[in-house]
Every structure is written in C-alpha cells, then in structure tokens.
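[1] coordinates for the following, if possible.
(one chain, ligands or ions: 1)
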Amino acid sequence: MAAAPTFKPFTLALVQLGQIGADKAANLKHARDVVLKTAQGGPTGKKPDLIVLPECFNSPYGHVHFPVYAETIGYEPGQAYDVAKSESESVKLLSATAKETGVWLLGGSIPEKTPDGKVYNTSTVYNPQGELIAIHRKVHLFDIDIPGKIKFKESETLTGGTTMNYFDTDFARIGLGICYDVRFPELAAVSARKGAQICIYPGAFNTTTGPLHWELLQRARAVDNQIFFAMCSPARDLNAGYHAYGHSLVSDPMGKIVGELQHKEDVLFVDIDPEVFHSARAGIPVTTQRRFDVYPDVSKGF
Ligand SMILES: NC(=O)CCC(=O)C(=O)O
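    Model prediction:
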C-alpha cells in the first residue's frame, strides 16, 4: 500500500441538497447547479478543494425506488475507466461537473445495478480532471425496525458491498463509507489505520435516530481514530416518503464539532486544519498505545 499523502490544509464543502424528488433529470440538474455555485466559494470567497453530495441524491430514498433509479457504472478498481463510454448519466454529469469546476467531487451515492442483477448504494469519486477514481458500495445495509417510529429495510432490494475503500488526493487520504456504515466502528478504524486522516460518509439519517445518534456516532468515530469525520445529508423534506435528519456535520479529531448545518438546503464550508490532527495524536497517543497482544488489530488482512 502506498504511503498516505502528507496531510495539508484544505477546504471541504458539504452540500446538504434539497429538492430530491421523483424526477431524476431534475435531481441531477439541481445537484449540478448547487455544486457549480459551491465551487465559486463560501462566505470567505475561498474555493473549496473537495465538494461532497448526500446519500441517494439522484433518487427518492426507499427500497422500492433503488432498482428503478439504478444505473450501470461498471467501475473496476485498478482498471482504467472511460467516462465517455459510461452507461451512467449520473457518472457523466458528476464527472463533467468536477472537470468544469476543477474541484474534487465525492458524488454522494446513487443506486447502482451490476450485470449479475444486484443493486448497490454506491458512492463515486472524481478528481478535478473529471476522472472517476474510486467507488464505495455501502457495506452495512440499513435494516431497522423501531416499533411505532421507523421500519426500513434496504436489503429488500439492495446488496451490501464487500470492500473497504479510500482515495488519495494531494491534501489527504480520505476513507469512505455511507450512512449506516458509521454504526460499525471497524470500517473507520481500518481506514484510519490505513492512513486516512479524514473519513467522509454521505448519509441520510432519519428523524428518530438522528437527534440521538448522528452527532454522537461521528464524534465517536473521530475520537476513536483521531481523524476528522464528516457526514453529508440531504435536506429534510416532510413531503418525501423518508424524512432525512439533515445536520450535515464535521467533527475534528478531538471530537469538537467544527461545522454543522440545520435541516434546510444549505452548504457547509469547513477549513480542515491538519495541526489539530497532529496535536490530538501527540497529546493523547492512543494510536501508539493499542494492545494488539490483548485484542486483534481489525485492520490486519486488508
Ligand atoms: N441511510 C441510512 O443508512 C440511515 C441510517 C440511520 O438512519 C441510522 O439510524 O443508522
């Protein structure tokens, strides 16, 4: 495995997208418009280095919708990918938008179909040249049943991914996950031990678990691993079948919230300061104090 890039300061923008409805073309156009505007800079006018979209940004969120909206991506890690030949209209649009803005783009997630008939919840990542350079298929499917509150079963139509994923930029190694993946500490732990200085998960928590767990889990993953941790949600739409919690958030490696939105469409700009990462690790050196003679290192074998 290549060494992680030197962690440099960068500006992260989380796009808490609204207006995600039944019309895929309208969803894609709106996402593109907001990304183009975001790339012009935040309140300080500073152009972001990396823009992130939310989970399932091109389709309504629900197991009945995933197969209907699913697109063939056909990306194989380590193999060249020609966006011009892609069958995915979302991939083409995201690639063109990244290229036009000259900014890294983590394209939230979209339903993806594969030739064996499976459907995944998949993130795609583009460099500023518009090349598709990484994907992550949601590993842990969101199957929960809280009586009287929320029942959701992604596994009705989705298959869980089987790989750990990160990507390297010129400013950081970035660990990937999607939403419910945050509840499984191993995923972020493996990314961090493989050198990720930040994990970014597009996500769409709900209004039952969101108030209790959204912030808690992100700050926990950040402190566990002494990394930055960010999640980008859709805005809340009470007319939609699924009510997203919103509150896109960034925690620093000390567990301090360095930016958080409310529940409406908005963009969160955060300047990521590597100094916080280095001082957290120097002051509380858990990364060198682990007792793998007592318990196993979950990152071994990846
Ligand atoms: N989209 C998701 O995976 C939702 C996860 C969620 O709401 C949770 O409580 O976990």
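[2] the stretch 101-250 of the chain: strands as residue ranges?
    104-106, 110-113, 119-126, 132-137, 143-146, 150-153, 166-168, 173-176, 198-202, 228-232, 249-251 (DSSP state E, counting those that start in this stretch).
[3] got those as TSV, with mean pLDDT and distance to the ligand columns?
    The C-beta positions use only the backbone N, C-alpha and C, and glycine is treated the same way. Shown next, in TSV, are the strands of the stretch 101-250 of the chain (pLDDT from 0 to 100; distance: least, CB to the nearest ligand atom, whole Å):
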stretch	mean pLDDT	distance to the ligand
strand 104-106	98	16
strand 110-113	98	12
strand 119-126	98	8
strand 132-137	98	13
strand 143-146	98	6
strand 150-153	96	7
strand 166-168	98	20
strand 173-176	98	14
strand 198-202	99	9
strand 228-232	99	10
strand 249-251	98	14
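[4] which residues touch the biggest helix by length in the chain?
    Taking DSSP state H as the criterion, the chain has its longest helix at helix 24-39. Under the criterion CB atoms under 8 Å, 6 or more residues apart in numbering, residues 13, 15, 17-21, 47-48, 51, 53, 57-59, 69, 89-90, 93, 97, 100-103, 105, 108, 265, 267 lie in contact with helix 24-39.
[5] buried residues in stretch 214-224?
    214, 215, 217, 218, 219, 220, 221, 222, 223, 224 (16 or more other CB atoms under 10 Å).
[6] relative to the ligand, which residue of the stretch 201-302 of the chain is the closest?
    For the stretch 201-302 of the chain and the ligand, the shortest gap (CB to the nearest ligand atom) falls at residue 209, measuring 3.3 Å.
[7] list the residues that contact the residue of the stretch 1-150 of the chain found nearest the ligand.
    Minimum separation of the stretch 1-150 of the chain from the ligand (CB to the nearest ligand atom) falls at residue 142, amounting to 3.4 Å. Residue 142 makes contact with 152, 153, 154, 179, 180 under the criterion CB under 8 Å, 6+ apart.
[8] residues contacting the nearest residue to it once chain neighbours are set aside?
    Nearest in space to residue 142, with sequence neighbours left out and distances taken as CB to CB, 6 or more residues apart in numbering, is residue 180 at 4.2 Å. The contact partners of residue 180, taken as CB under 8 Å, 6+ apart, are 138, 140, 141, 142, 154, 203.
[9] change it to 10 Å
    55, 121, 138-144, 152, 154, 160, 201, 203-205, 209 (CB atoms under 10 Å, 6 or more residues apart in numbering).
[10] one more: residue 209?
    So residue 209 contacts 144, 146, 149, 150, 180, 183, 217, 245 (CB under 10 Å, 6+ apart).
[11] quick one, phi/psi of the residue of the stretch 1-150 of the chain closest to the ligand?
    phi -80, psi 90 (degrees, to the nearest 10).
[12] repeat for residue 81
    The phi/psi pair for residue 81 (degrees, to the nearest 10) is phi -130, psi 120.
[13] about what we covered before: buried set for the longest helix of the chain?
    24, 27, 28, 30, 31, 32, 34, 35, 38, 39.
[14] then stretch 234-248?
    Buried, per 16+ other CB under 10 Å, within stretch 234-248: 234, 235, 236, 237, 240, 242, 243, 244, 245, 246, 247, 248.
[15] note down every partner strand of the very next helix or strand once past the longest helix of the chain and its orientation.
    Counting by DSSP states H and E, the next helix or strand C-terminal to helix 24-39 is strand 50-52. When pairing is defined by DSSP bridges, strand 50-52 lines up against strand 10-16 (parallel), strand 104-106 (parallel).
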